[in-house]
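J.: Sequence and predicted structure below; questions after.
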Amino acid sequence: MAERTHGAADAALESAYEAPMSTTSIDSARFERLFDVGRGLVSHHDPEIVLAEVIEAARDLTGARYAALGILDADKRGLARFLTAGIDEEERRRIGPLPRGHGILGELISDPKPLRLTEISEHPHSYGFPTEHPRMSTFLGVPVTIRGEVFGNLYLTEKADQAAFDEEDEEVLVVLAQWAAIAIDNARSHETSRIRQDELERAVRGLEATVALSREVGGESDLGRVLELVVKRGRALVGGKSCIVFLLADDDELSPAEVAGDVDRSVLDIKLPQQSPARDAIRSRHSQRIGAAEIARFSGLGTEAASALLVPLRSRGADLGVLAVFHAADPDDAFGNDDVLAMESFATSASTAIHSARSIEDEKLRLSIASSERERKRWARELHDETLQELGALNVMLESALQVDDAEAVRAALSTSNDQVERVITGLQGLITELRPAALDDLGVAAAVEALVSRMRSRSGLHVEADIDLAYESGRSDTRHSPELEATIYRTVQEALNNVVKHSGANRARVLIEERHSEVTIAVEDDGTGIGGRDSGEGFGLLGMRERIALVGGTVSVAEAEGGGTRVSASLPVSGP
């Protein structure tokens, strides 16, 4: 017999999200159990736990041997999921594919109202059962409606003692379906809130990583350090196994520039082929999620990652390269849309930082070349104006001596020539010392500066005092500064003193060099009139000084000294630019 129940059950279906319907026909003990089940269901926040408990509660409250919950697909024409209770895994395996919503199950889909059957096989829409399916006769099914839309159906078969499901069972199942609707909706809302919270937290982490990167590289001009920060922060942002930044060179070669995580640094020596996922990301200018097969196209990376996220790096309309994060998980589980958005936001800041560092390196190279050219011109002029002219005069003198027969005259000419040769040698030695004094390499910058000051005193008559307090020289550090920094300290003092001698008309000068808090400060003061206030940088000495100091990330200024004269001040970072 097949019955369709109307009246109170239909009213309950139409108000499934409201308070449970009147349950006057349910005995008090059963009602208490139903109420306890309902309270338990709505206390869960995990939708999967709610679904499992709904099925078990349906069996427990009605005495059914088998229970199932069919969840409708997006079109509401079939079942997307079919959850069961009462059938173990082995039985389910023997039965075969799960039902998709035909036959009796489809009856509730096409007409979502409670349905009770005393014999399933007698219903005109019965399909029968697969060969290995347990025998089922009695049946009770009700829809689960959430906010006016059918979510799925509860199915019960085989009540205990081979009895048929009665009206009270149906009423209990209808009320349980209402509780289930409330609990499922509550759990889904909680799950949605949790997912949104997770997405928000990821977005915040992405923003924090971007801000942290911007803060850390704000004063960083060394490209290597910038790249190191980019791969470390990028990997941490999405929990990757490893991270590699690939950069495009001027010849369009694409190569790994820095790595972090579980990847050997030997990959920095490879060059990617023209056809690779990284090239694809650059050409498309869109982020890409790839699996192990695509990762294998990265020739020579040697990574065993199962998935990767590739984000193009672009700045000011130019392609810089690709930031790639690798993960051990499958692509579907590794990187979600929120990970992509977070990495894209991070890549924007990373691109700016990389572009800025590259621009600074290019400018440093330009300054270095320009400074070297000026140095060459200076030494060429010194050699031409002094050494070459001395040698020319010596050559004329020797030629004249060869044309004289007087032995005394020849000896006098040779004696004079010998003195001139010594002057040339002394002059060349001075030039060599100015190019790179041996004391600078052998004894350190303090000894080299003191020797420079001594030479200035003896050559110019200028009274020079020097006060030098460097960490290595005073024993506060066991490590000397880099040759580049030591040379810059020496050259700055040298150029400043040369300017004092040539331009200031000073009688006294003082050199102060001090190292404090990872910074070396240099001050050269004189009591003359010199170049005070002429801070245009047009003089060769000042221009060369500025360029040299800029190459190590320092600053320099020229101003009037207290009491008259000129003060040249420079500040050099110990750690480099």
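T.: Perfect, thanks for sending it.
J.: Nearest residue to the middle of the chain?
T.: Centroid-nearest residue in the chain: residue 234, 2.3 Å away (criterion: Cα atoms, centre = their mean).
J.: residues contacting that one?
T.: Applying Cβ atoms under 8 Å, 6 or more residues apart in numbering to residue 234 gives the contacts 209, 240, 243, 245, 260, 323, 325, 343, 346-347, 350. The C-beta positions use only the backbone N, C-alpha and C, and glycine is treated the same way.
J.: What subset of the residues you listed is buried?
T.: 209, 240, 243, 245, 260, 323, 325, 343, 346-347, 350 (16 or more other Cβ atoms under 10 Å).
J.: Now flag whichever of these is closest to residue 271.
T.: residue 245 (14.6 Å; Cβ to Cβ).
J.: Restrict the host helix or strand of that closest one to CA atoms and write it as PDB.
T.: Following DSSP states H and E, one finds residue 245 within strand 242-248. What follows is strand 242-248, C-alpha atoms only, in PDB (Å, rounded to 0.1, in the frame of the first residue of the first chain):
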ATOM      1  CA  SER A 242      59.900  25.500  -2.000                       C
ATOM      2  CA  CYS A 243      60.000  28.800  -3.800                       C
ATOM      3  CA  ILE A 244      62.100  29.900  -6.800                       C
ATOM      4  CA  VAL A 245      62.200  33.300  -8.500                       C
ATOM      5  CA  PHE A 246      63.100  33.200 -12.200                       C
ATOM      6  CA  LEU A 247      64.300  36.400 -13.800                       C
ATOM      7  CA  LEU A 248      64.600  37.500 -17.400                       C
END
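J.: In the stretch 301-450 of the chain, mark out all the helices, start to finish.
T.: Taking DSSP state H, counting those that start in this stretch to define them, one finds helices in the stretch 301-450 of the chain at 331-334, 337-382, 389-402, 407-435, 438-442, 445-460.
J.: any idea of the mean pLDDT for the fourth one?
T.: When the per-residue pLDDT values of helix 407-435 are averaged, the result is 68.
J.: when you give positions from now on, start the count at 400
T.: Sure thing, new numbering starts at 400, so read that last one as helix 806-834.
J.: Give me the secondary structure label for residue 952.
T.: Under DSSP: H, G, I helix; E, B strand; the rest coil, residue 952 falls in the coil class.
J.: re earlier: make TSV out of the contacts of residue 633 and add pLDDT.
T.: What follows is those, written out as TSV (pLDDT from 0 to 100):
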residue	pLDDT
608	67
639	88
642	91
644	92
659	91
722	93
724	91
742	86
745	84
746	86
749	85
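J.: on that earlier part again, per-residue confidence for the residue nearest to the centre of the chain?
T.: 87.
J.: what do you get for the one 3 residues further on?
T.: We have a pLDDT of 84 for residue 636.
J.: Is it in contact with residue 740, as I believe?
T.: No: the pair residue 636 and residue 740 fails to qualify as a contact (Cβ atoms under 8 Å) at a distance of 11.1 Å.
J.: and the strand holding residue 644, how far out from the chain's middle?
T.: When C-alpha coordinates are averaged (Cα atoms, centre = their mean, to the nearest Å), strand 641-647 and its chain have centres 10 Å apart.
J.: Direction included, what does that strand pair up with?
T.: Strand 641-647 has these partner strands in its sheet, going by DSSP bridges: strand 653-660 (antiparallel), strand 717-726 (antiparallel).
J.: Highest mean neighbour count out of those strands?
T.: Most buried of the strands paired with strand 641-647 by mean neighbour count (mean count of other Cβ atoms under 10 Å) is strand 717-726; its value is a mean of 24.
J.: Export only the CA atoms of stretch 919-928, formatted as PDB.
T.: Extracted in PDB, the C-alpha atoms of stretch 919-928 (Å, rounded to 0.1, in the frame of the first residue of the first chain):
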ATOM      1  CA  VAL A 919      81.300  55.000   9.600                       C
ATOM      2  CA  THR A 920      81.200  58.800   9.700                       C
ATOM      3  CA  ILE A 921      84.000  60.900   8.100                       C
ATOM      4  CA  ALA A 922      84.600  64.600   8.600                       C
ATOM      5  CA  VAL A 923      87.400  66.700   7.100                       C
ATOM      6  CA  GLU A 924      87.600  70.300   8.400                       C
ATOM      7  CA  ASP A 925      89.900  73.200   7.400                       C
ATOM      8  CA  ASP A 926      90.400  76.800   8.600                       C
ATOM      9  CA  GLY A 927      90.700  78.300   5.100                       C
ATOM     10  CA  THR A 928      88.300  79.900   2.700                       C
END
